[in-house]
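Asks: Any chance you can model this:
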Amino acid sequence: MRATTAMLLRSEGYDVREAGGGEEALGALTEREADVLLTDLKMEPMDGLTLLTKALESAPKTQVIVMTAYGSIESAVEAMRRGAYDYLTKPFKEGELAHRVQKALERARLINAVELLTGDFTRRHGLASLVGRSSAMRDLTGRLARVAPSDATVLIQGESGTGKELVARAVHALSRRTEKPFVPVNCSAITESLLESELFGHARGAFTGAVKTRRGLFEEADGGTLFIDEVTETTQAFQTKLLRVLQDGEVRRVGESASIKVDVRTVAATNRDIEKEVADKRFRQDLYYRLNVVTLRVPPLRERKEDIPLLAEHFLERANARASRPHRLSPGAIDRLMTYDFPGNVRELENLVEQAAALSESDELLPEDFPLRRTPTPDGSPTVAAATLADVVDDAERKAIAGALERTPDDLGRVAETLAISPTTLWRKMKRLGLRNGGAEDPS
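Replies: Down below sits the predicted model:
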């Protein structure tokens with residue numbers, strides 16, 4: 001069957017190498033990487049799943065197609081979960097074989113193109129969160145590479161710390177707008193009263209403190225990309241104005257009646273379930289459809305644990321560049337990191353590695369250099385979490401603010417006075433910590 005399959009592929013013009021087993025195939029891949037590996041699952045002494053795993057370790061860009069007998073689809077599904085690109089059920093037709101191989105080659109070429117185009121961008125911007133061998137990251141980078149050259153509006157969804165802004169920067173870097181500005185704005189970090197002025201600009205005298213006319217971020221991003229982070233943190237009144245700008249391609253500065261044409265590609269992001277926000281009437285449905293032309297989902301780190309060693313090494317290399325003494329990760333430290341679910345995702349992993357490198361007195365980072373604690377999950381069961389200083393501070397602030405809100409509901413001004421902070425600082429901390437004000441208006 002191997003000889004027949006090779007003959008069919010050669011007749012299609014492909015350069016084909018044959019291997020009589022898993023070990024021989026790995027040797028061939030070591031000598032010269034292949035675009036596509038076509039392998040059976042039932043083999044001895046090395047079976048197809050083992051070959052798949054080892055092949056992706058040594059040649060991560062190789063696209064693997066597994067062949068399996070009818071009735072053994074479970075094995076094929078397991079192979080896909082481990083990173084296989086596709087599977088063929090035996091017996092298969094010549095046309096089906098050619099079609100699957102062609103699609104696999106297109107994907108391999110696409111990944112090569114992504115690496116070439118993002119290589120310099122990665123070096124300049126530290127695009128570490130887009131590096132990975134997991135199937136989830138390969139899916140993300142492949143989809144990103146397809147949408148980036150277009151001008152389609154992109155919605156990026158993912159938990160906090162997964163690297164949504166880095167994905168947005170990659171979209172910009174791979175677009176035809178790469179030489180133009182990339183302008184980010186975080187809606188959760190700006191009060192509602194200032195957000196409209198920040199994005200659309202304002203005229204002199206439009207409000208107290210507007211001492212001169214100012215261009216907004218839409219105008220700053222003209223010809224380039226505007227990244228609107230945490231877009232679901234805005235009010236529906238603001239969403240209406242944003243929708244009008246996206247529909248008309250025009251902005252009107254606060255306090256002016258004339259509109260200004262802008263050529264901006266919009267990339268938005270959220271860490272919330274935006275469809276639920278729409279269903280609960282907290283986010284405008286028409287704006288959701290306007291933003292959700294193409295969705296890119298950034299997987300949490302717990303869904304791509306096989307990328308943890310690669311990311312940890314990257315962050316340690318960066319920490320070593322700033323340190324007087326270089327460190328290295330011990331196998332035990334990697335094993336410890338692999339047992340952790342990282343609720344803070346890539347950002348939390350970076351924090352843990354930098355903390356360990358800063359505090360360790362030895363050249364080798366050991367498991368004890370990565371202190372983890374146990375915290376209860378919503379269902380009451382314990383889970384491991386990192387005992388970082390940021391966690392402790394956040395927990396203390398959350399408890400203090402929540403207690404003050406209970407004592408003085410619906411009066412954020414009084415709550416801020418009790419905590420000896422300004423109302424604006426209180427509002428920002430509540431946004432960051434996920435606290436709601438129980439019906440009181442956000443302070444301005």
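Asks: helices and strands of the protein: which one bottoms out on pLDDT?
Replies: Lowest on mean pLDDT, DSSP states H and E among the helices and strands of the chain sits strand 382-386, with a mean of 49.
Asks: For the helix or strand following that one, output the C-alpha coordinates as CSV.
Replies: Note on strand 382-386: by DSSP states H and E, the next helix or strand toward the C-terminus is helix 389-407. What follows is helix 389-407, C-alpha atoms only, in CSV (Å, rounded to 0.1, in the frame of the first residue of the first chain):
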residue,chain,number,x,y,z
LEU,A,389,2.6,39.8,45.1
ALA,A,390,0.1,41.0,42.6
ASP,A,391,-2.4,38.3,43.6
VAL,A,392,-2.1,39.3,47.3
VAL,A,393,-2.6,43.0,46.5
ASP,A,394,-5.6,42.3,44.2
ASP,A,395,-7.2,40.1,46.9
ALA,A,396,-6.7,42.8,49.6
GLU,A,397,-8.1,45.6,47.3
ARG,A,398,-11.0,43.5,46.3
LYS,A,399,-12.0,42.7,49.9
ALA,A,400,-11.6,46.3,51.0
ILE,A,401,-13.7,47.8,48.1
ALA,A,402,-16.4,45.1,48.4
GLY,A,403,-16.7,45.7,52.1
ALA,A,404,-17.0,49.5,51.6
LEU,A,405,-19.6,49.0,48.9
GLU,A,406,-21.7,46.8,51.3
ARG,A,407,-21.5,49.5,54.0
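Asks: List the contacts of the residue nearest the centre of the chain.
Replies: Nearest to the mean C-alpha position of the chain, by Cα atoms, centre = their mean, lies residue 298 at 3.3 Å. Listed by Cβ atoms under 8 Å, 6 or more residues apart in numbering, the contact partners of residue 298 are 129, 140, 156, 157, 158, 159, 162, 163, 164, 167. No exception for glycine: its C-beta is placed from N, CA and C like everyone else's.
Asks: For residue 82, see how far away the third one is.
Replies: When distances are taken as Cβ to Cβ, to the nearest Å, residue 156 and residue 82 turn out to be 26 Å apart.
Asks: Can you pick out the residue with more neighbours from those two?
Replies: residue 156 (28 against 17; other Cβ atoms under 10 Å).
Asks: Would you mind naming the residues that bridge with the more buried one?
Replies: Here residue 156 sits in beta bridges with residue 269, residue 296, as judged by DSSP bridges.
Asks: on that earlier part again, how much space separates the residue nearest to the residue nearest to the centre of the chain when sequence neighbours are not counted from residue 288?
Replies: Spatial nearest neighbour of residue 298, chain neighbours left out: residue 158 (3.3 Å); criterion: Cβ to Cβ, 6 or more residues apart in numbering. The gap separating residue 158 from residue 288 is 17 Å, by Cβ to Cβ.
Asks: count of residues packed around residue 268?
Replies: The burial count for residue 268: 27, using other Cβ under 10 Å.
Asks: no, scratch that, I was asking about residue 302
Replies: If you count neighbours by other Cβ under 10 Å, residue 302 ends up with 13.
Asks: Phi, psi for it please.
Replies: Phi and psi for residue 302, reported as degrees, to the nearest 10, are phi -70, psi -20.
Asks: just checking, it touches residue 342?
Replies: Yes - in terms of Cβ atoms under 8 Å, residue 302 counts as a neighbour of residue 342; the distance is 5.9 Å.
Asks: shared neighbours of these two, anything?
Replies: Counting by Cβ under 8 Å, 6+ apart, residue 302 and residue 342 have no contacts in common.
Asks: What about the closest residue to residue 69 other than its chain neighbours, how many residues nearby?
Replies: Closest residue to residue 69 apart from its sequence neighbours, by Cβ to Cβ, 6+ apart: residue 90 at 5.2 Å. Counted with other Cβ under 10 Å, residues neighbouring residue 90 total 12.
Asks: cool, residue 146 as well?
Replies: Residue 146, neighbours per other Cβ under 10 Å, totals 14.
Asks: Helix or strand: which one has residue 415?
Replies: Applying DSSP H and E as the criterion places residue 415 in helix 412-419.
Asks: Of all the residues in the very next helix or strand once past that helix, which ones are buried?
Replies: Following helix 412-419 in sequence order, the next helix or strand is helix 423-433 (DSSP H and E). The neighbour-count check on helix 423-433 (16 or more other Cβ atoms under 10 Å) flags 423, 426, 427, 428, 429, 430, 431 as buried.
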